[in-house]
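Colleague: sequence unknown, structure follows:
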Ligand SMILES: Nc1ncnc2c1ncn2[C@@H]1O[C@H](COP(=O)(O)OP(=O)(O)OP(=O)(O)O)[C@@H](O)[C@H]1O
Ligand SMILES: Cc1ncc(COP(=O)(O)O)c(N)n1
């Protein structure tokens, strides 16, 4: 079988831990062929974001239309979008090119606390992108911002908020519980037409968690064309992320919150599909 083309629409992180750099490493490790449309440059390291240079929306549209006039895309991961105008360009491309398996990571704030999405753009993510995504993967602060509510503090509150995100028009929601703390890290997958599923992994004792959200969403996009449904793709993506976290301390990529390790030798060939 020919390989799958996986497109990342996201920002650039020079430190290689998040953004399109993390996405490409993930796609390759999981057997996909990676493509990118870059929405913003960041000046960023493991210690934080020094600046953001947004790409004009019409140039994001030109990147998308040029690529998609030529190449088949089998799944899409959307990350940092920066402005309402860029969100509009991406929403239009999803419709025009009928993009399949769209995984939306609604990136708002970097782990370092720096803003990666204009505050006024949250309404546009809710109205333009949530209904167009096949799966949206918010962390707890992002879910709270999309709903205009306080952050969930336990699994019951996560269930309720995930349900309200479906009410807003999302097809499927993977609400990530990484911010809850504890010995395990638990995420909740809900869909309008299926029973909720809980995915729990050991919490890896590392400070190197830069790009965990980027890695999980791009692993889901890479695996979805190789799996029968999103539940199997999410299960295996979480296994991949947990292994990448376990190997993170082998890297020496800066002095702050370091990246996870996309070292594909530990990912069994059979699991690539
Ligand atoms: N220390 C850890 N050990 C194992 N899994 C973790 C750990 N930290 C986070 N995770 C998992 O990583 C994924 C992303 O976590 P989180 O909820 O922190 O999302 P995020 O804040 O969007 O990530 P990012 O800050 O990279 O955007 C989730 O599946 C979460 O359960
Ligand atoms: C370009 C880009 N995209 C996404 C993130 C979020 O990742 P994190 O929350 O781990 O900082 C980031 N820091 N930079």
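Modeller: Right, received. Where do you want to start? Note that the structure is predicted; figures quoted are calculated from it, not measured. Ligands and ions are numbered 1, 2, ... in the order given.

Colleague: residues in contact with residue 117?
Modeller: 80-82, 106-109, 125 (Cβ atoms under 8 Å, 6 or more residues apart in numbering). In this view, the C-beta of every residue, glycine as well, is placed from N, C-alpha and C.

Colleague: what number of residues lie near residue 141?
Modeller: 13 (other Cβ atoms under 10 Å).

Colleague: quick one: it is in a helix?
Modeller: Yes. Under DSSP: H, G, I helix; E, B strand; the rest coil, residue 141 sits within a helix.

Colleague: What is the host helix or strand of residue 77 packed up against?
Modeller: Assigned by DSSP states H and E, residue 77 belongs to strand 75-78. Secondary-structure packing of strand 75-78 (3 or more Cβ pairs under 8 Å, 6 or more residues apart in numbering; DSSP states H and E): strand 5-12, strand 102-104, helix 212-223.

Colleague: and that strand, how far out from the chain's middle?
Modeller: From the chain centre to the centre of strand 75-78 is a distance of 8 Å (Cα atoms, centre = their mean, to the nearest Å).

Colleague: Relative to that strand, what are the paired strands and their orientations?
Modeller: strand 5-12 (parallel), strand 102-104 (parallel) (DSSP bridges).

Colleague: Would you format the ones you listed as CSV with mean pLDDT and mean neighbour count included?
Modeller: Compiled in CSV, these are given as follows (pLDDT from 0 to 100; neighbours: other Cβ atoms under 10 Å):
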stretch, mean pLDDT, mean neighbour count
strand 5-12, 98, 27
strand 102-104, 98, 26
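
Colleague: Looking at those strands, which is nearest to ligand 2?
Modeller: Nearest to ligand 2, of all these, is strand 5-12, at 3.1 Å by Cβ to the nearest ligand atom.

Colleague: Name the residues of the stretch 51-200 of the chain found near ligand 2, please.
Modeller: 79-80, 107, 110-111, 116 (Cβ under 6 Å from any ligand atom).

Colleague: least trustworthy position among these, going by pLDDT?
Modeller: Taking those together, the minimum pLDDT is found at residue 111 (86).

Colleague: All the helices of the protein, in order from the start?
Modeller: 19-29, 57-68, 84-96, 122-124, 140-147, 155-167, 212-223, 230-246 (DSSP state H).
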